[in-house]
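I'll drop the sequence and a predicted model, then ask my questions.
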Amino acid sequence: MKSTHQISLASLCLLLVACVTVNVYFPAAAAEKAADRFIRDVYGEPPGKSPQQPQQQAPDSSQPEPQSLNEQPARILGWLLEGLVPTAEAASPDISISSPGINRLKAAMKSRNRALQPFYSNGAVGMTANGLLTLLNPKAVSLKDRNRVKQLIAAENRDRNALYAEVANANGHPEWQREIRATFASRWVGNAPRGWWYQDGRGNWKQK
């Protein structure tokens, strides 16, 4: 006949396995950090330093291990938690913004940004709520430059649409494209200099 301790341990193990669920979700905080790094590079701003992770202390080997039979189920349950919970946490993905396609798009955007900056600053070009650009005030652009600015906007929008799809695909989750777009739309504005124009979620145009 099994002892009470063995039955309790088996019950705890079954309960633990039933409760530990591995969920893959969109990592919004990680996506914002990744978008900030990308956008600051495009804008020409150095990305902030990543906070250092505290070093974990090695377990104190001088402490005696419990030997009581009553403590064995708790010890075994602790080992199971150490093995299963990190596995579940590992399923919480990070966001990668490094791939050949993403790098090509970033290089093109960096080069184009230098040409667009004067038109951001004078209010001719605005940032839309869906993460794209638009010619907000054509009168702020001279007639001789207007076609060039329109071409710059069209090229930038093409690359931004490609970027959002590329980031989602590079992370193995094409279904995240809408969330990636929304995150970048917010961070293009968040990292922009003062004075640039943007569209809020209600469609209203505001100056940062």
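That came in fine, so what should we check first?

can you pull the pLDDT of residue 94?
At residue 94, the model reports a pLDDT of 77.

that one: neighbour count?
10 (other CB atoms under 10 Å). The way it works is simple: take the backbone N, C-alpha and C, and place the C-beta from them, glycine included.

isn't it right up against residue 31?
No. In this structure, residue 94 is not within contact of residue 31 by CB atoms under 8 Å, at 9.1 Å.

may I see the buried residues of the lengthiest helix in the chain?
Criterion DSSP state H: the longest helix present in the chain is helix 143-170. Within helix 143-170, the residues scored as buried using 16 or more other CB atoms under 10 Å are 149, 152-153, 155-157, 159-160, 163-170.

what's the helix or strand just after that helix packed up against?
Per DSSP states H and E, the first helix or strand lying C-terminal to helix 143-170 is helix 177-190. Applying 3 or more CB pairs under 8 Å, 6 or more residues apart in numbering; DSSP states H and E, we find helix 177-190 packed against helix 28-43, strand 125-127, helix 143-170.

I'd like the average pLDDT over helix 177-190.
Helix 177-190 comes out at a mean pLDDT of 98.

and it, which residues are buried?
Within helix 177-190, judged by 16+ other CB under 10 Å, the buried ones are 177, 179-189.

could you do stretch 98-113 as well?
In stretch 98-113, the ones that count as buried by 16+ other CB under 10 Å are 102, 105-106, 108-109, 112-113.

got a markdown table for those, with pLDDT and secondary structure too?
Converted to a markdown table, the buried residues of stretch 98-113 look like this (pLDDT from 0 to 100; DSSP: H, G, I helix; E, B strand; the rest coil):
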| residue | pLDDT | secondary structure |
| --- | --- | --- |
| 102 | 97 | helix |
| 105 | 98 | helix |
| 106 | 98 | helix |
| 108 | 98 | helix |
| 109 | 98 | helix |
| 112 | 98 | helix |
| 113 | 97 | helix |
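
any chance of CSV for the residues you listed, columns distance to residue 199?
As requested, the buried residues of stretch 98-113 are exported to CSV (distance: CB to CB, whole Å):
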residue, distance to residue 199
102, 25
105, 22
106, 23
108, 23
109, 19
112, 20
113, 19
